[in-house]
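J.: predicted model and sequence follow; I will ask about them next.
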Amino acid sequence: RAAVREEVADAVQRGGPVWLRPHPHVEGLGTTTAMLDFAHRHRDRYDIAWWIPALDADLVPDRLAELAEALDLATATDSADRAAVALLETLSRRNRWLLVFDDAAGPRQLARYLPDGPGHVLISSSDVGWQDQACPVTVPAFTRAESVSLLLSRCPDLTAEAADRIAARLDDLPLAVNPAAAVLADPDTDTDGVLDALPGAPAPWEAVWDLARDRLAAADPAALALLTLAAWLGPAPVPVTLLTDHPDVLPEPLAGAARTTGLADHAALL
């Protein structure tokens, strides 16, 4: 996604928050992935980089407080608001930092948590209120060449023609193309079967995720249960102790797996 990366890089250089917005009325464009890509490729520019799930504005101070503690600006006994204030004051006097507010609410809820100063702020949100508060960068679907390139890089046995047909069925949506590549990377996958499963779905990415979920259900039901649990718990961190210390509150087959050695390592990876 070179074009999006370049546009974001240009926008942050102009100063002020940068708002990554999906193309209107289109789901699955990968604004979160675009921010991850930028942060990864430009990591040498920053001494501090922090990811903030921002859908629930009430939890944003907690995420800022965690960074304040990591920088020794606050302790665990400080309130989240006090720690957030200390952090924002410090960042206003420093450079080489990046804060990423993912899936953010509107500016009315978050404006007080945006630091001033020479660092950089990325915001992903579908709230049009950011139009006057941040430099907008529209995240489009993949180009067909990008979709085909991704599919072929993950699936070397796939022909360019088949990759093009799959990309067309998926409307070049990143949230669909990427998991499709993962499904097709399995040598036992029937490409024609994947193509047959795509038409008529409510959304292309839903069909692909259905395929991936069905495959995981057959291969490892406990892993699917763990993934489902994490999805229900939302963006907040999931404590590993929920799995290791409280298997009695978990549904089967996750409860059984939670009683076995090594589950904590798998949960930490998730």
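T.: Yep, that arrived.

J.: where does pLDDT dip in the stretch 101-250 of the chain?
T.: 199-204, 235-236 (pLDDT under 70).

J.: which residues in it form helices?
T.: 107-110, 144-154, 160-169, 174-184, 191-197, 204-219, 221-233, 241-244 (DSSP state H, counting those that start in this stretch).

J.: could I get the buried residue list for the fourth one?
T.: The one in question is helix 174-184. Neighbour counts over helix 174-184 (16 or more other Cβ atoms under 10 Å) mark Pro174, Leu175, Ala176, Val177, Asn178, Pro179, Ala180, Ala181, Val183, Leu184 as buried. Any C-beta I mention is one placed from the backbone N, CA and C, and that applies to glycine too.

J.: equivalent analysis for the first one, please.
T.: Of the residues in helix 107-110, those scored as buried under the neighbour-count criterion (16+ other Cβ under 10 Å) are Pro107, Gln109, Leu110.

J.: for the longest one, same thing?
T.: By neighbour count on 16+ other Cβ under 10 Å, the buried set for helix 204-219 is Pro204, Trp205, Ala207, Val208, Trp209, Leu211, Ala212, Arg215.

J.: can you list these in TSV and add distance to Asp116?
T.: Converted to TSV, those look like this (distance: Cβ to Cβ, whole Å):
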residue	distance to Asp116
Pro204	41
Trp205	37
Ala207	45
Val208	42
Trp209	40
Leu211	46
Ala212	43
Arg215	48
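
J.: give me every residue that touches Thr31.
T.: Leu20, Arg21, Pro22, Ser124, Val139 (Cβ atoms under 8 Å, 6 or more residues apart in numbering).

J.: the same query, at a cut-off of 10 Å, please.
T.: Applying Cβ atoms under 10 Å, 6 or more residues apart in numbering to Thr31 gives the contacts 4, 19-23, 102-103, 122-126, 137-139, 174.

J.: can you check Leu151 too?
T.: By Cβ under 10 Å, 6+ apart, the neighbours of Leu151 are 158, 160, 162-164, 166-167, 170, 177-178, 180-181, 184-185.

J.: nearest residue to Val238 in space, ignoring adjacent ones along the chain?
T.: Ala230 (5.6 Å; Cβ to Cβ, 6 or more residues apart in numbering).

J.: just give the number of residues close to Pro53.
T.: Residues lying near Pro53 (other Cβ atoms under 10 Å) number 19.
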